[in-house]
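Peer 1: This is the structure alone, sequence omitted:
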């Protein structure tokens with residue numbers, strides 16, 4: 001039997017991990033774009 005509280009707990013952790021990874025990737029992308037804009041090759 002699957003407990004509803006356990007499912008919601010795992011779902012909350014999954015969403016938190018997904019948003020954390022997404023946030024890090026967005027910050028990394030902005031940082032990479034900013035660095036590329038300043039370089040004069």
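Peer 2: Yep, that arrived. Predicted model, so just to flag it, every value in this text is computed and none were measured.
Peer 1: What segments of the chain are strands?
Peer 2: Remark: strands of the chain are absent; assignment by DSSP state E.
Peer 1: tell me the pLDDT at residue 15?
Peer 2: With respect to pLDDT, residue 15 scores 98.
Peer 1: same check, this time on the one 3 residues further on
Peer 2: Per-residue confidence for residue 18 comes out at a pLDDT of 98.
Peer 1: Against residue 34, how distant is it?
Peer 2: Counting by Cβ to Cβ, to the nearest Å, the gap from residue 18 to residue 34 is 25 Å. For the C-beta atoms, the positions are set from N, CA and C on the backbone; glycine is no exception.
Peer 1: what's the distance between residue 14 and residue 30?
Peer 2: Applying Cβ to Cβ, the value for residue 14 to residue 30 is 25 Å.
Peer 1: let me fix that: residue 24
Peer 2: Distance from residue 24 to residue 30, by Cβ to Cβ: 11 Å.
Peer 1: do the same with residue 21
Peer 2: Taken as Cβ to Cβ, the span from residue 21 to residue 30 is 15 Å.
Peer 1: repeat for residue 6
Peer 2: 36 Å.
Peer 1: same question, residue 12
Peer 2: Following Cβ to Cβ, the distance that separates residue 12 from residue 30 is 27 Å.
Peer 1: Also residue 17?
Peer 2: Counting by Cβ to Cβ, the gap from residue 17 to residue 30 is 21 Å.
Peer 1: For residue 34, grab the count of nearby residues.
Peer 2: By other Cβ atoms under 10 Å, the residues close to residue 34 number 9.
Peer 1: All the helices of the protein, residue numbers only.
Peer 2: 4-38 (DSSP state H).
Peer 1: where in it is pLDDT low?
Peer 2: Along the chain, segments meeting pLDDT under 70 span 39-41.
Peer 1: Look up how far residue 9 lies from residue 17.
Peer 2: 13 Å.
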